[in-house]
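here is my input; please provide its structure:
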Amino acid sequence: MKIGRRFATWIVVSALVIAGASSVLHYKISQNEAIADFEGDGKNVARVVEISLTDAMLQGTINQTLQGTLEGLSEGGRIEGIWITDTDGIARVGNPKEVIGTRRPMDWSRKAGYYFSEGNIFHWVQPVRNRPICHRCHGAKDKYNGAIMIDFSTAELQEHVRAGIMEGFTVAVGTVGIIALLVLGLSRSLITKRLGAVIEQIGHVRDGNYDASVKVKGNDEISELSSFFNEMADAVRTRNKERDLLFKQISQSYKMWQATFDSITDMIAIVDEHFNISMANQAFMKYFGIAKEDLKSRKCYEVMHESDMSPAECPHLSAIMEGKPDSMEYRRPGTDRILNLTVYPYYHAASNIKGTIHVLRDITDEKENEMRLIMTERLAALGEMASGLAHEINNPLASIAGCAEGLSNRTKKNEFDPEFFNEYLGIMEEEILRCKNITTNMLSFVRRTTVRQEADISKILDRTVDIIGLQGRLKNISVVRDYGENVPSILANESELRQVFMAIISNALDAMNDSGTLTLRTSTEVESVVVEISDTGPGIPQHLRDRIFDPFFTNKAETGGTGLGLSIARKIISAAGGEISTTSEEGMGATIRVVLPTKHPE
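The predicted structure follows:
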């Protein structure tokens, strides 16, 4: 219902309520006035009757004289009847006469005149006191000799009251109606019409026309409301302009981000916590041959591993559960390509979204280049051992040659001694095996292999020392082997570990100028094997300790050092999931510490 109709209804209801209340009040006032009028008339008439009664009693003509008086008083006017009763309430004289002899309702507990009404009759009762003048007939025993009862008709009064009520009601309704019309007129001009203007403009704003404004004159709440509305519309217009600008900026930023995302050559995919690929860059889609519209229907392991389930060591699960990056290297199924996968976790608190960012790189060529570099370093080390190798092989060859010459001379002289022949052949066999072991060790050092297998770290250290011994560099070196008990085997590439220990031991011998003590120590930590190689050289200067693992850093350039030995060693150890570090004090030697896991990461 509109506010104008509500207001009009409220005024009409209020007018009716006011008129009704006025009528009730007018009725009460008229009734009280009528009762007061009846009481006055009753008292006056009762006084006249009581005087007449006294005179009649004194003259002894109570029936004739008093009856006539009562009939005269009750003729015409509002008096319906007058009676005088005895102390028992029996009417003795009065008019109309047919009531004489009947009992009238009396209340002798009242000390003065009183009234009560029955229907249209108003009864006034005035007790007659037993005064001394009455004692000669009535005696002095009773307080009252009887009572005077006067009946008044209320019909005329009720008609008058009804007329007054209707008149008051009509006046009240008319007055309130006029006021209502004036108020409605004023409300229309001051409220309804002005509010309608505000509502109309609000409708325009609701429909999207934010340029609408309200012009309401005045200095009241409605004009203040229109001002607030105009301010709101201005604020909405400003906000919409800012929103459009922000949307444009966001759109441009998104396009820029998407272009940057797609221009990254590394393969990137965003994966939710349920393994679903939600987004990927062009490099990822091109490498795996998947269209953009098919991304959201694929699991990450279906695309990257061509499997119907995630791998056992899944970096995606690890990153989500532990909240830190994880990585793995794996061979793409059906190809010889090697991929490096690094997974970074992300969590959006506002939307409670969890997931990971997969960054992949094809490292096949990089792996091959690293292997070429490793092999180059091995060949360089082998070149340094060439002279020692020639010397070591020359000695058994000389023994073999001597034995062969002795056997040849015996054969020419036809001197065949089985015991002599067996002795010489045994020497030749031992020397041949010695040559074989030397060449086998050399070949195992330079051979390229990617196979990991169970290996005893102590045996790898011993074989590395044996190879270095072929160079003749251990003549003035005291080798201390402090191998721990129950050191577990590790899963490793033995030839790569030999290269690591070869580089470390060679640097230690260079630091000691091939004279001093070389200590090889092994121990265990939690799921790890620790190897410490110490020397008694001058130590590593403080300013060089952080650089010894940098590529091409060397202080032996004049002797042909390449600066790649320890750099390659760190790469090999890192690829095996281990760590390599150094501790040193100047003048107190140096220690290289290698930590390798007992279980190689898949």
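
any idea how far Leu497 is from Arg237?
Separation of Leu497 from Arg237 (CB to CB, to the nearest Å) stands at 73 Å. C-beta: built from backbone N, CA, C; applies to glycine.

could you chop this protein up by domain?
The chain breaks down by automatic domain parsing into domains covering 3-160, 210-263, 268-358, 367-597.

who does the closest residue to Asp272 other than its chain neighbours bridge with?
Spatial nearest neighbour of Asp272, excluding adjacent residues (CB to CB, 6 or more residues apart in numbering): Gly355 at 4.4 Å. In this entry, Gly355 is beta-bridged to Asp272, Tyr346, by DSSP bridges.

mind listing what Gly355 touches?
By CB atoms under 8 Å, 6 or more residues apart in numbering, the contact set of Gly355 is 270-273, 278, 320, 345-346.

how near is it to Met267?
For Gly355, the distance to Met267 - CB to CB - is 17 Å.

what's the answer for Val343, then?
Using CB to CB, one obtains 12 Å as the distance from Val343 to Met267.

report the set of residues contacting both of these two.
By CB under 8 Å, 6+ apart, Val343 and Met267 have these common neighbours: 358-359.

so, low pLDDT: which residues of the stretch 1-150 of the chain?
1-8, 11-12, 15, 19, 23, 58-65, 74, 76-77, 108, 110-112 (pLDDT under 70).

show me where it has its helices.
3-59, 62-74, 135-138 (DSSP state H, counting those that start in this stretch).

mind putting these in JSON lines, distance to Met502 and mean neighbour count included?
Output for those, formatted as JSON lines (distance: least, CB to CB, whole Å; neighbours: other CB atoms under 10 Å):
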{"stretch": "helix 3-59", "distance to Met502": "98", "mean neighbour count": "15"}
{"stretch": "helix 62-74", "distance to Met502": "155", "mean neighbour count": "17"}
{"stretch": "helix 135-138", "distance to Met502": "160", "mean neighbour count": "13"}
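
closest one to Gly406 among these?
With respect to Gly406, and counting by CB to CB, the nearest of those is helix 3-59 at 134.8 Å.

and that closest one, what does it pack against?
With contacts defined as 3 or more CB pairs under 8 Å, 6 or more residues apart in numbering; DSSP states H and E, helix 3-59 has these neighbours: helix 62-74, strand 79-85, strand 114-118, strand 121-129, strand 144-153, helix 155-187.

could you export these as CSV, including distance to Pro418?
Output for those, formatted as CSV (distance: least, CB to CB, whole Å):
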stretch, distance to Pro418
helix 62-74, 189
strand 79-85, 182
strand 114-118, 171
strand 121-129, 175
strand 144-153, 179
helix 155-187, 144
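
His543 is nearest to which of those?
With CB to CB as the measure, helix 155-187 is the member of those nearest His543 (93.7 Å).

what about that closest one, average pLDDT?
Mean pLDDT, computed over helix 155-187, is 69.

next: stretch 300-315.
Average pLDDT, stretch 300-315: 86.

helices of the stretch 401-550 of the chain, residue ranges please.
Here the stretch 401-550 of the chain has its helices, by DSSP H, counting those that start in this stretch, at 418-446, 457-469, 494-512.
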